[in-house]
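Asker: here is my input, please return the structure:
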Amino acid sequence: MTDIITYDEKLKRIKKEIKRLKQIYKDIQEEHRDITAGLIQRAAYMRVELEIYEEDLALYGYVEPFTQSPNTPPYDRERPVARLYNSMNKNYQSIIKQLTDLIPKETVKPDDDGFESFVGGRGD
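Answerer: Model (predicted):
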C-alpha cells in the first residue's frame, strides 16, 4: 500500500461506517436491535478492512511469484491478502443480507422504474 493507515484513522472510518449503516437499517424492529448492533459493528469493521485490502490488491495484484528454494523456478501463487479479501467479502455480504432480512418487508421499497405503473395502467 502506498500509505499506511493509522489505527486512529481506521477507527474513524469504522465509526463513520457504523453511523452510515445505522441510518440504512434504522427501520429494524426494536426486538432485533441487540442483534443488529453486533452485526453493524462487524459489517463496519469488515467494510473498512475490505477497502484497505482493495487498495493493496489494486497496487500489487492477486498473485505473486513464489518459489520453495533458489533451485526451482518461481511460479505465480495467490497472495495471502487476496485469500483474506475473498473470505472476508463473502462474510460481509452474508452480514449485510442478515441485516437486510431483518428490515420489515413493508419498508423495503424497490426503485420505481415505472414498470409497475405501466403494467397497472394497461388493464383500463
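
Asker: helices of this structure, start to end?
Answerer: Along the chain, the segments classed as helices by DSSP state H run 7-24, 33-60, 80-101, 115-120.

Asker: just the mean pLDDT for the last one, thanks.
Answerer: The average of the pLDDT scores along helix 115-120 is 64.

Asker: and stretch 48-55, by the same measure?
Answerer: 97.

Asker: just stretch 88-97 next, same as before
Answerer: 98.

Asker: put the alpha carbons of it into PDB.
Answerer: Extracted C-alpha coordinates of stretch 88-97, given in PDB (Å, rounded to 0.1, in the frame of the first residue of the first chain):
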ATOM      1  CA  MET A  88     -14.000 -11.500   4.300                       C
ATOM      2  CA  ASN A  89     -16.000 -10.200   1.400                       C
ATOM      3  CA  LYS A  90     -18.200 -13.400   1.500                       C
ATOM      4  CA  ASN A  91     -18.700 -12.900   5.200                       C
ATOM      5  CA  TYR A  92     -19.500  -9.200   4.800                       C
ATOM      6  CA  GLN A  93     -22.100 -10.000   2.100                       C
ATOM      7  CA  SER A  94     -23.700 -12.500   4.500                       C
ATOM      8  CA  ILE A  95     -24.000 -10.000   7.300                       C
ATOM      9  CA  ILE A  96     -25.500  -7.400   5.000                       C
ATOM     10  CA  LYS A  97     -28.100  -9.900   3.900                       C
END
